[in-house]
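Visitor: Below are the sequence and a predicted model; questions follow.
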Number of protein chains: 2
Amino acid sequence: MSGEEAAAQQPKTEEQKQDTKPEEDKQNEQQPPPAQEAEKPQDEASYKSLVLSGYGGYDKVKLQVKKGELVPKAGEVLVRVKACGLNFADLMGRQGLYDRLPSPPVTPGMECSGVVEGLGEGVTDRKLGDKVIVMNRAGMWQEVVTVLTSHTFLMPEGMTFEEAAAISVNYITAYMMIFDFGNLRPNQSILIHMAAGGVGIAATQLCQTVKDVTIFGTSSASKHDAIKENGVTHTIDYRTMDYVDEIRKLSPKGVDIVLDPLGGSDTCKAFNLLKPMGKLITYGAANLLTGQKKNLMAVAKTWWNQFSINAMQLLQSNKAVCGYHLGYLDEEMELVGGVLSKILDLYKQGKIKPRVDSVWPFQQVGDAMRQMQERKNIGKVILVPEAEKEEKKEEN
Amino acid sequence: MSGEEAAAQQPKTEEQKQDTKPEEDKQNEQQPPPAQEAEKPQDEASYKSLVLSGYGGYDKVKLQVKKGELVPKAGEVLVRVKACGLNFADLMGRQGLYDRLPSPPVTPGMECSGVVEGLGEGVTDRKLGDKVIVMNRAGMWQEVVTVLTSHTFLMPEGMTFEEAAAISVNYITAYMMIFDFGNLRPNQSILIHMAAGGVGIAATQLCQTVKDVTIFGTSSASKHDAIKENGVTHTIDYRTMDYVDEIRKLSPKGVDIVLDPLGGSDTCKAFNLLKPMGKLITYGAANLLTGQKKNLMAVAKTWWNQFSINAMQLLQSNKAVCGYHLGYLDEEMELVGGVLSKILDLYKQGKIKPRVDSVWPFQQVGDAMRQMQERKNIGKVILVPEAEKEEKKEEN
């Protein structure tokens, strides 16, 4: 289901008071392949969906129960969703700052995991009961979804649904930045901002697949133990220290790569921190998120636009400036799928492991978004369709 | 000898009418190590030097015979120069468009090859008679030069002095652009402008060390056979065709890498030609060279500055913009030397071979510069100190 289709479906559905349903299955348990799942009786053919009703604060995303039955079209599968990933783009989208999210009313969500429950015409590469990772432009925060099979990827043996909902967007983003644009090689150094965030955790792990990489990681001090344990070489508390000064003390010439999720003036700092042949990879604008609503948008936009460079300046500096956002690669599923395949290999080899910060039921989506937007998370924030699922915090 | 020293030495020397000397040795012949070269009688202690007297046309570079004897300082070697490379930066420098060339009067030249004839105090890693490739910020267009040993690299067995003067700047430039910033991988595609130029020839050869790379190469039609033979997959006559249209016909999505030596509006075209995850590497401004003198500078500068990009535009495009110029890496000899070492390995393996377009004696430096500036060359333009050396054109 494309994002546009997700949006288009909204008017056809009815909003209902949400029923509290008993938790069906503990999602992390291994289940026998549900061969007859497609015929499983669905109580009065309805499904839960999180819908962004308009741009604004946390309360703009509401749980709806939609009537009707999703039917996979040719080339699509129907997936019963077990867990969904929350991403910065979803927070931006809620504020109207992410142009890849179709206009409200729309179901957000770029990734989820689940079980194939229906096959559209001509589908031969997936079968009922397959556990899959799903990526899409939008529309994944829903109890069931229909997507093209090319947007689904088989979960490796032993991977939990939560991990599966945490691995695609963050690790693909980190992988393509580090190994495609960044071209990270042994003995190099990298600055990872928000090292406790989803991409930060992924990037830190991926850097360790290369020999002798020095990782500078920023986070608030309370998260330093966690990011250090995850592999950060030098932790920096960006709230109390000037990260540029800290890095220069240890590495006077700067670093080889900066991953920049912040934008604005931090992008300029990143550029200046690069060694010759260094690469700046900007992939977000977290600095724009100054509050629940985009009240400071104008100011933030000005900051953002401060970083601009022309060819002559670049040439004289021997540096690279790269922009990355997975959300704009949705026409490139072959490329992206190839990357995910490499990531799943690393997972199978035990070299990477998604860290789940917390798991929230759909009706607590506002709290989940707040957890991420207020930078309280260490690792991935996960949403699950089940109503009764308790918030879970992993401490290690 | 640093560029500044080269400049500082000028006032101490005298300009003399140049003596025509018999050709000493055919430079490509293997010679026994000249163990006593340091004591070789030098006729009245003088040496020929090409000196840029002021910014302007071809006639601004003149042959001088300088009196006195160059003595290597601690850590330096004295090298008797056998061949020098001509680079675009030298043409830019002559017009005052290259800020890494010290102010006139100054001896230009970033690369040469020759034989070690003297050792400064403490030099243990070079010995008399060593055949070396030499790189420096400036000052290499001279019969003898003094340089830090870290700026010299042993020539591989069987390499001619002409090849040795043609391999460092062009191949290092091409290598770092293609494999560091460009991160070229199998099955990718690349656009190489000026594919018959020194960097173009080098880049084309280096791309073929990676499997199944599609190379689009531009040159005037008369050079198409030569660049095709060198490895270009699709030749494009930029004088009669729109290269963007030609590439789009064959590869509608564009290319993975563009090497851009042109600047100005061509940099914009290059950016637009990139596939998602594509890399634009700008490394020159040949478009600025509209004539012998910089009369169109103002216009050209405007063009140049047209290409400018900010972080948000980059992020939404999933592209990289890189700037490269070896001239600004002169503090990074360890990095650069490491790259040259890999290049010399490829040479030894027979995977690359510098192509010499023509060889000119010092007193014909104006003609040599014209050959390059008017885009008549296929491969490297070489200068040699010998007066009688005939212009030589390799046809294959």
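Guide: Okay, I see it. As the structure is a prediction and not an experimental result, all values here were calculated from the model.

Visitor: quick one, phi/psi of the residue nearest to residue A:209 when sequence neighbours are not counted?
Guide: Spatial nearest neighbour of residue A:209, excluding adjacent residues (CB to CB, 6 or more residues apart in numbering or on different chains): residue A:351 at 5.5 Å. All C-beta spots, glycine's among them, are computed from the backbone N, C-alpha and C. Main-chain dihedrals, residue A:351, degrees, to the nearest 10: phi -90, psi -20.

Visitor: Next, count neighbours for residue A:351.
Guide: Other residues near residue A:351 come to 13 when the count uses other CB atoms under 10 Å in any protein chain shown.

Visitor: cool, and residue A:133?
Guide: 27.

Visitor: Where does it fall, secondary structure wise?
Guide: For residue A:133, the host element (DSSP states H and E) is strand A:131-135.

Visitor: Neighbouring strands - and their directions - for that strand?
Guide: Here strand A:131-135 is paired, per DSSP bridges, with strand A:111-119 (antiparallel), strand A:152-154 (antiparallel).

Visitor: Comparing the ones you listed, which comes out most buried?
Guide: Mean neighbour count (mean count of other CB atoms under 10 Å in any protein chain shown) peaks for strand A:111-119 among these, with a mean of 26.

Visitor: Just the mean pLDDT for that strand, thanks.
Guide: Averaged across strand A:111-119, pLDDT comes to 98.

Visitor: what do you get for stretch A:329-343?
Guide: The average of the pLDDT scores along stretch A:329-343 is 95.

Visitor: Tell me which of the strands paired with strand A:131-135 lies nearest to residue B:307.
Guide: Between residue B:307 and these, the tightest spacing by CB to CB is seen for strand A:111-119, at 35.2 Å.

Visitor: List every C-alpha atom in the closest one, with coordinates, as PDB.
Guide: C-alpha atoms of strand A:111-119 as PDB (Å, rounded to 0.1, in the frame of the first residue of the first chain):
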ATOM      1  CA  GLU A 111       8.300   0.300   9.100                       C
ATOM      2  CA  CYS A 112       6.700  -2.600  10.900                       C
ATOM      3  CA  SER A 113       7.100  -6.300  11.400                       C
ATOM      4  CA  GLY A 114       4.400  -9.000  11.200                       C
ATOM      5  CA  VAL A 115       3.100 -12.200   9.700                       C
ATOM      6  CA  VAL A 116       1.800 -12.700   6.200                       C
ATOM      7  CA  GLU A 117      -1.900 -13.400   6.300                       C
ATOM      8  CA  GLY A 118      -3.000 -13.000   2.700                       C
ATOM      9  CA  LEU A 119      -1.500 -13.200  -0.700                       C
END
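
Visitor: which stretches of the stretch 201-350 of chain A have low pLDDT?
Guide: Applying pLDDT under 70 to the stretch 201-350 of chain A flags the ranges A:290, A:294-306.

Visitor: who in it is up against chain B?
Guide: A:260, A:263, A:267, A:276-277, A:279, A:282-285, A:304-305, A:307-325, A:328-329, A:331-332, A:335 (CB under 8 Å from any CB of the partner chain).

Visitor: So which of the residues you listed sit within helices?
Guide: A:267, A:304-305, A:311-317, A:335 (DSSP state H).

Visitor: if we can go back for a sec, chain center to the strand holding residue A:133: distance?
Guide: Distance of strand A:131-135 from the chain centroid (CA atoms, centre = their mean, to the nearest Å) equals 14 Å.

Visitor: List the contacts of it.
Guide: With CB atoms under 8 Å, 6 or more residues apart in numbering or on different chains as the test, strand A:131-135 has contacts from A:77, A:79, A:81, A:110-116, A:126, A:140, A:145, A:147, A:151-155, A:161, A:164-165, A:167-169, A:333, A:336, A:340.

Visitor: related to what we said a few turns ago, dump the residue contacts of the residue nearest to residue A:209.
Guide: A:205, A:208-209.

Visitor: what about the residue nearest to residue A:180 when sequence neighbours are not counted, how many neighbours?
Guide: Once flanking residues are discounted, residue A:180 sits nearest to residue B:277: 5.7 Å by CB to CB, 6+ apart. Residue B:277: 21 surrounding residues under other CB under 10 Å.

Visitor: Let me know whether residue B:277 touches residue B:318 as I believe.
Guide: Yes: the criterion here is CB atoms under 8 Å, and residue B:277 meets it with residue B:318 at 5.7 Å.

Visitor: Need the overlap of contacts for those two.
Guide: residue A:329.

Visitor: hmm, back to that, out of the contacts of residue A:351, which are buried?
Guide: Neighbour counting with 16 or more other CB atoms under 10 Å in any protein chain shown marks A:205, A:208 as buried within those.

Visitor: Looking at the contacts of residue A:351, which one is closest to chain B?
Guide: When those are compared for distance to chain B (CB to the nearest CB), residue A:209 wins out at 16.3 Å.

Visitor: what's the closest residue to residue A:309 other than its chain neighbours in contact with, if anything?
Guide: Leaving aside its sequence neighbours, residue A:309 sits nearest to residue A:321 (CB to CB, 6+ apart; 6.0 Å). Contact analysis of residue A:321 by CB under 8 Å, 6+ apart lists A:271, A:279-280, A:282, A:309, A:314, B:309, B:311, B:314, B:320-322.

Visitor: Just the buried residues out of those, in PyMOL syntax.
Guide: To isolate the buried ones among the contacts of residue A:321 in PyMOL, judged by 16+ other CB under 10 Å, type:
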select buried, (chain A and resi 271+279+280+282+309+314) or (chain B and resi 309+311+314+320+321+322)
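
Visitor: tell me, how many neighbours does the residue in the stretch 1-150 of chain A that chain B sits nearest to end up with?
Guide: Nearest to chain B in the stretch 1-150 of chain A, going by CB to the nearest CB, is residue A:99, at a distance of 8.0 Å. Residue A:99 has 12 neighbours, counted by other CB under 10 Å.

Visitor: where's residue A:49, which helix or strand?
Guide: Taking DSSP H and E as the criterion, residue A:49 maps to strand A:46-52.

Visitor: In terms of pLDDT, where does residue A:96 sit?
Guide: 87.

Visitor: would TSV of the strands paired with strand A:131-135 with distance to residue B:358 be doable?
Guide: Shown next, in TSV, are these (distance: least, CB to CB, whole Å):
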stretch	distance to residue B:358
strand A:111-119	59
strand A:152-154	56
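
Visitor: how near is the closest residue to residue A:325 other than its chain neighbours to residue A:323?
Guide: Once flanking residues are discounted, residue A:325 sits nearest to residue B:315: 5.0 Å by CB to CB, 6+ apart. For residue B:315, the distance to residue A:323 equals 4 Å [CB to CB, to the nearest Å].
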